[in-house]
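J.: From the sequence below, what's the structure:
(chains A and B)
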Amino acid sequence: MRSLGLIIRRELACYVHTPLGVIVGACVLLADGLLFNAFALGSGRRFSSEVLEDFFYFSSGTTVIAALFLAMRLLAEERQRGTISLLFSSPVNEWQIVLGKFFSAQLFLSLLTLATLYMPALIFVNGRVSLGHIAAGYLGLLLLGAAALAMGTFASAVARTQAAAAILASALLVTFLIFWLLSRIVDPPLRDVLSYLALWDKHFPPFMRGVVSARGAAYYLSVTFFFLLASVRVLESRRWR
Amino acid sequence: MIAGTGLTKLYGSKPAVQALDFEIARGEIVGLLGLNGAGKTTVLRILGCQLLPTSGRATVEGRDVVSESVEVRRRIGYLPEDAPLYDEMRVVAFLRFAAGLRGLSGKEADRRIESTLDLLDLREVRGQVIGTLSHGFRQRVGIGQAIVHEPPVVILDEPFTGLDPVQISEMRTTVSNLRGRHTVVLSSHNLPEVSLICDRFLLMDEGSLAAQGTEEELARQLGRGLTVTLELRGQAGAVRSFLESRPEVHSVEVAGGEDGIQKVDLRLLENGREDLARALVEAGFGLLEMSPHRHELDAIFLGLTRGEKGSR
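T.: Numbers count the residues shown, from 1 in each chain, chains lettered A, B, ... in the order given. Model prediction:
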């Protein structure tokens, strides 16, 4: 557990000491702010809950993209810089390495996501929304972010460079996003499978509307666990090459 | 302490290391020598738990590097050819991270970090960001991460690469300072430096062990004997004829002399130094200095590798 904590601390410090954290943070907050103003608030009269729903809709996109940028470097950068040999020559197992990397990125992404709280708070100036709706929406964002981060971590474990990791992670994310589209052109039971596997279509909208979906939460946690497990297996095989 | 038995590594069907047998005793500093592609790094990566051997077995302190990998990793410090450094970290923070990964914390970690900074002469850069350090300091920090947990075995892959002459000299001191605390296995192309540091050598050629032993043992295998330089008082002609008459002397070359002091390069029997010194003194020559050549390893290395190729 100590090694896990050490890796998390080192990674979090890395977000502070390198431009990556600042750049990703600034871009996400700027994009969220602009989208909130331009589309969620809009120019006409709207229900507060609709504004909040739109805010979570747009935030889900920025969260997934931020997760991709945070995850692409996690393991590929270690391999590119040769620092992976420090981890591999230490008595640290692959689960500790992968979880340390993942949790640090998840913590940073969570802080970034929670830094947008002022936007839902602005709704209270001219309207009212339930705190439960806000909490459910943020829970959805964190779960969706975790799943996207896990996919990115897997891509980073497979790829030799950060650029390749970004491309692979993007391909994975797009594939999981468009499963809903594919589900409409195939017959059951594949339709049901693809529909369930789609990253956003069935699972995120309930959170967006303020409903904590157990089915959605289970899906996001399963995807996260699956891709972290796959990352560990890839790292185990890479250790000895 | 460290042993390899039939150690083989294939990349596809191409052998990088084949059927290597070796033993390294506790406390030894052993140099792994060979041309590019000889298999040195492969052996060190296997010992450093970075690479799976195709067949054979390697052990560190009796523990198998594959089946008891975690136990082995507790007992080694590994510096690959490119030091594994996080450029954005400060030196002390990095050493603390490396110590933590090896299970050290609190005062014990602080004590070992301080002693590593002293041993490697890193005090002046302790608070500096690693990315701003010179190559020499980076190499030393790289060694620091390998020894901060005081492992019994330290594995250094090409620690002299990219260093200027001053840094090479400093690195030699650094590695020499590890003597007595660690068993050290290092690979290098820098034969003169390695010959000054190492107790023993493993000479690799195309994945096999071409020879092993001390510099003198290797010279003997090649039938070269020992090369020494003498400084003695006497007439050049008398010195030459006396030396040429000695049974332990193979060849004599009087390099010159001033004020009756002659400088002579000799090739003689491996264990002939003591007899020759006694004979010189008894014959009335003033023996001022007798020093073995330190750059002999170059010639031995070339002789053995060329000899191997010639015999194929």
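J.: Could you use CA atoms for every contact and neighbour count after this?
T.: OK.
J.: List the residues that contact residue B:53.
T.: Residue B:53 makes contact with B:7, B:8, B:9, B:10, B:46, according to CA atoms under 8 Å, 6 or more residues apart in numbering or on different chains.
J.: Greatest separation within these: which pair is it?
T.: Spatially, the most separated pair among the contacts of residue B:53 is B:10 and B:46, at 12.2 Å (CA to CA).
J.: which of those two has more neighbours?
T.: Neighbours around residue B:10 and residue B:46, counted as other CA atoms under 10 Å in any protein chain shown, are more numerous at residue B:46. The numbers are 22 against 15.
J.: Would you confirm that that one contacts residue B:56?
T.: No - counting by CA atoms under 8 Å, residue B:46 does not reach residue B:56; the two are 11.1 Å apart.
J.: helices or strands next to the helix or strand hosting residue B:45 in the packing?
T.: Assigning secondary structure by DSSP states H and E places residue B:45 in helix B:40-47. Packed against helix B:40-47 by the contact rule (3 or more CA pairs under 8 Å, 6 or more residues apart in numbering or on different chains; DSSP states H and E) you find strand B:14-24, strand B:29-34, strand B:55-60, strand B:153-157.
J.: So which of the contacts of residue B:53 sit within helices?
T.: Using DSSP state H, residue B:46 are the members of the contacts of residue B:53 that sit in helices.
J.: could the contacts of residue B:53 go into TSV alongside pLDDT?
T.: As requested, the contacts of residue B:53 are arranged in TSV below (pLDDT from 0 to 100):
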residue	pLDDT
B:7	96
B:8	96
B:9	95
B:10	93
B:46	95
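J.: between the contacts of residue B:53, which is closest to residue A:10?
T.: Nearest to residue A:10 out of the contacts of residue B:53 is residue B:46 (CA to CA; 27.4 Å).
J.: any idea how far chain A is from residue B:209?
T.: Counting by CA to the nearest CA, to the nearest Å, the gap from residue B:209 to chain A is 23 Å.
J.: that's a helix at that residue, yeah?
T.: No - secondary structure assignment (DSSP: H, G, I helix; E, B strand; the rest coil) places residue B:209 in strand, not in a helix.
J.: Bridge partners for the residue lying closest to residue B:58 once chain neighbours are set aside, pull those for me.
T.: Taking CA to CA, 6 or more residues apart in numbering or on different chains, and ignoring the residues beside it in sequence, residue B:58 has residue B:4 as its nearest neighbour in space, at 4.4 Å. The partner list for residue B:4 in beta bridges (DSSP bridges) reads residue B:22, residue B:58.
J.: so what's residue B:4 up against?
T.: By CA under 8 Å, 6+ apart, the contact list for residue B:4 reads B:20, B:21, B:22, B:23, B:56, B:57, B:58, B:59.
J.: Filter those residues down to the buried ones, ChimeraX style.
T.: The ChimeraX selection below is limited to those of the contacts of residue B:4 classed as buried (16 or more other CA atoms under 10 Å in any protein chain shown):
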select /B:20,21,57,58,59
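J.: quick one: what helix or strand has the nearest residue to residue A:89 once chain neighbours are set aside in it?
T.: With CA to CA, 6+ apart as the criterion, residue A:89 has its nearest non-adjacent residue at 5.6 Å, and that residue is residue B:73. With the criterion set as DSSP H and E, the secondary-structure element containing residue B:73 is helix B:69-75.
J.: what about the closest residue to residue A:203 other than its chain neighbours, is that helix, strand or coil?
T.: Across the structure, with CA to CA, 6+ apart as the measure, the residue nearest residue A:203 apart from its sequence neighbours is residue A:216 (4.5 Å). Secondary structure state of residue A:216, per three-state DSSP, is helix.
J.: Report how many residues lie close to residue A:216.
T.: Here the neighbour count serves as a burial measure; for residue A:216 (other CA under 10 Å) it reads 22.
J.: That one contacts residue A:205, correct?
T.: No - using CA under 8 Å, residue A:216 is not in contact with residue A:205; the gap is 9.3 Å.
J.: how near is residue A:39 to residue B:159?
T.: As defined by CA to CA, to the nearest Å, residue A:39 lies at a distance of 59 Å from residue B:159.
J.: Those two - which one has more neighbours?
T.: Applying other CA under 10 Å to residue A:39 and residue B:159 shows that residue B:159 carries more neighbours, namely 27 against 13.
J.: which ones are touching the more buried one?
T.: With the criterion set at CA under 8 Å, 6+ apart, residue B:159 makes contact with B:79, B:81, B:139, B:171, B:186, B:187, B:188.
J.: mind checking the backbone torsions on it?
T.: Taking degrees, to the nearest 10, you get phi -70, psi -10 for the backbone angles of residue B:159.
J.: for the residue nearest the centre of chain A, what are its contacts?
T.: The centroid of chain A falls nearest to residue A:145 when counting by CA atoms, centre = their mean (2.1 Å). Counting by CA under 8 Å, 6+ apart, residue A:145 makes contact with A:60, A:63, A:64, A:67, A:106, A:109.
J.: In those, find the pair that's most separated.
T.: In terms of CA to CA, those reach their longest pairwise distance at A:60 and A:106, which sit 14.7 Å apart.
J.: State the distance from residue A:128 to residue A:35.
T.: In this structure, residue A:128 lies at 20 Å from residue A:35, with CA to CA as the measure.
J.: Neighbour count for those two, which is higher?
T.: Between residue A:128 and residue A:35, counted using other CA under 10 Å, residue A:35 has the larger neighbour count: 19 against 14.
J.: Which helix or strand contains the more buried one?
T.: helix A:19-35.
J.: buried stuff in the helix or strand that that helix is followed by?
T.: Secondary structure here is assigned by DSSP H and E; on that basis, the next helix or strand after helix A:19-35 toward the C-terminus is helix A:48-71. The neighbour-count check on helix A:48-71 (16+ other CA under 10 Å) flags A:48-49, A:51-71 as buried.
J.: Report the mean per-residue pLDDT for stretch A:38-53.
T.: When the per-residue pLDDT values of stretch A:38-53 are averaged, the result is 85.
J.: So what touches that stretch?
T.: Contacts to stretch A:38-53, defined as CA under 8 Å, 6+ apart, come from residues A:54, A:55, A:120, A:123, A:127, A:128, A:129, A:134, A:208, A:209.
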